[in-house]
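Peer 1: Quick one, fold the following:
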Amino acid sequence: MQFIYKARYLARFDRFSSAEQKLILEAEEQIRAYYTTHQAPHGLRMKLLHTTGDDKLFEARASRGVRILWAKRGEIISFVLVGFHDDVTHYLRSLR
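Peer 2: Sure, this is the predicted structure:
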């Protein structure tokens, strides 16, 4: 698997407090582990949100309010967005 980070993801990550960044990094580590072990960690509440052909968009909760979106295409995992519920909703609407 190859993991990449979109510019939007990195820019939004920088806006979070150091405590929230730590939670986000821990969640990313668990997401990466999922693709090795194929066992989803319960606390992240990972969900498949959208599918278009071979592209799949997933969501996980880094904390009660912070969400991580990533896309999977073949062997490439792209971290697309980190934000709150409204950010995710806005992003999903933009896909229509």
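Peer 1: Run through the residues that contact the nearest residue to residue 76 once chain neighbours are set aside.
Peer 2: Of all residues beyond its chain neighbours, the one nearest residue 76 is residue 2 (5.1 Å), with distances taken as Cβ to Cβ, 6 or more residues apart in numbering. To be clear about C-beta, it is placed using only N, CA and C from the backbone, and glycine gets the same treatment. Taking Cβ atoms under 8 Å, 6 or more residues apart in numbering, we find residue 2 in contact with 75, 76, 77.
Peer 1: Neighbours of the first one, how many?
Peer 2: It refers to residue 75. 8 (other Cβ atoms under 10 Å).
Peer 1: now the residue nearest to residue 76: how far from residue 15?
Peer 2: From residue 2 across to residue 15, the span is 26 Å (Cβ to Cβ, to the nearest Å).
Peer 1: before we move on, the earlier item: so which of the contacts of residue 2 belong to strands?
Peer 2: 76, 77 (DSSP state E).
Peer 1: pLDDT-wise, what's the bottom of the contacts of residue 2?
Peer 2: Comparing pLDDT over the contacts of residue 2, residue 75 scores lowest. The value there is 93.
Peer 1: Quick one: low-confidence residue ranges for this protein.
Peer 2: Applying pLDDT under 70 to the chain flags no residue at all.
Peer 1: got the residue ranges for the strands in it?
Peer 2: Under DSSP E, the chain gives strands at 2-5, 47-52, 55-61, 67-73, 76-83.
Peer 1: want to try JSON lines for those strands, with distance to residue 36 as columns?
Peer 2: What follows is these, written out as JSON lines (distance: least, Cβ to Cβ, whole Å):
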{"stretch": "strand 2-5", "distance to residue 36": "11"}
{"stretch": "strand 47-52", "distance to residue 36": "19"}
{"stretch": "strand 55-61", "distance to residue 36": "16"}
{"stretch": "strand 67-73", "distance to residue 36": "14"}
{"stretch": "strand 76-83", "distance to residue 36": "12"}
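Peer 1: Residue 95 is nearest to which of these?
Peer 2: Closest approach to residue 95 among the strands of the chain is made by strand 47-52 (6.5 Å; Cβ to Cβ).
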